Each structure stands twice: as C-alpha cells, then as structure tokens.
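K.L.:
requesting a structural model of the entry that follows:
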Amino acid sequence: VIKELERAGIINDFNVFGERISFEFKNFTIKKLLNDFGVWLELFVYKSALDSGKFDDVDMSVVIDWNHRLNERDDVLNEIDVIVTKGTTPVFISCKAGNVSAAAINEIKTLTDRFGGSLAKGVLITCEELSEYSVKTYRRATELGIRVIELSDLYRENPASILERIVLNG
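P.N.:
The predicted model follows:
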C-alpha cells in the first residue's frame with residue numbers, strides 16, 4: 001500500500017530499513033487525511049460498494065444544503081459519509097471509527113427521513129461493538145430504525161453485501 005501511495009505521489013522519500021520504514025507526506029492535508037481513521041472507514045465502505053457493482057449509484061462525502069443559500073452565514077449544511085442507491089432506495093451511511101454518540105444517531109436519522117424519502121434507509125457503520133460496549137446507544141439506533149453494522153460484521157462479510165441485504169430486506 002505504501003509503495004502505491006508513493007507511486008501516486010501522495011508520499012515521498014519512502015525507505016525501508018529492516019523492519020522499519022520512513023516516508024514524508026506530500027502535504028499537511030494528506031497527512032491529516034491518512035491519519036484520520038474515520039476517513040479510512042469511509043473509503044473502505046465507499047470502495048467496497050463501488051467495486052461490488054451492486055448499486056446504481058455510490059457517493060462519498062455528500063453535502064446536504066438545508067436551505068439552498070450557499071455562502072450565507074446562516075446556511076445549514078450536513079455531510080453524509082456515504083450514500084448508495086439501488087433502484088429507488090437510497091441508503092444514508094454514517095461511518096464512525098468509535099465514540100458513537102446519541103447526536104450521531106439522531107443526525108443520520110434526521111437526514112435519512114428529511115432527504116431520503118419514504119424508502120430511504122439509515123445505516124451506522126462503526127469499528128466498535130456498539131451492542132456490547134454502548135448498549136443504550138445501540139438500542140436507541142435500532143429503535144429509530146437505524147441499522148448498525150459493527151466491527152465483527154465487517155470481519156465476517158464485505159460491507160457491500162451487508163448493504164445490499166439492507167436495501168432488499170430492510
């Protein structure tokens with residue numbers, strides 16, 4: 001992976017010293033992105049869905065403008081990590097590496113209901129076992145109809161397959 005990053009010009013001066021490596025990031029923005037685990041989870045889900053060919057559309061970092069007043073001080077914007085669609089069913093996906101809050105659950109529920117239509121589904125993908133470590137938050141998500149995909153689910157199955165099943169079966 002690191003050699004591919006170097007070939008792509010994302011990192012520079014890649015060297016291997018026995019079991020150690022060294023390199024420099026091309027710039028601060030790339031360093032920030034590559035060190036943000038949440039971004040990696042979003043990319044993993046996005047790429048999995050895109051490569052699967054199971055969806056009609058796959059988008060990442062989708063910005064929703066609530067009032068269509070760009071560049072105004074009071075403009076309300078939200079970002080949805082990943083959206084996949086199959087037929088007329090959009091799936092709004094929030095990716096959280098950890099520390100899933102009630103606010104995060106409420107946000108994906110609100111965005112799904114407000115902008116997704118009656119067939120839309122909300123999904124939370126997390127790198128923790130929410131059902132085990134934060135039972136109240138997990139219960140809240142399921143009560144709101146948000147499907148939770150935990151780390152153990154991602155180990156068992158490709159995210160695209162799980163998402164396809166959600167679209168087809170709910």
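
K.L.:
number of residues surrounding Ile21?
P.N.:
10 (other CB atoms under 10 Å). Using the backbone N, CA and C atoms, a C-beta is placed for each residue, glycine as well.

K.L.:
starting at the chain centroid, how far to the helix or strand of the chain with the lowest mean pLDDT?
P.N.:
One helix or strand of the chain scores below all others by mean pLDDT, DSSP states H and E: helix 28-34, with a mean of 78. Mean C-alpha position of helix 28-34 versus that of the full chain (CA atoms, centre = their mean, to the nearest Å) differs by 18 Å.

K.L.:
other residues contacting that helix?
P.N.:
With contact meaning CB atoms under 8 Å, 6 or more residues apart in numbering, helix 28-34 is reached by Ile10, Ile11, Phe25, Val39.

K.L.:
continuing past it, what's the next helix or strand?
P.N.:
Using DSSP states H and E, the helix or strand that follows helix 28-34 in sequence is helix 37-52.

K.L.:
tell me how far that following helix lies from the chain's centre.
P.N.:
7 Å.
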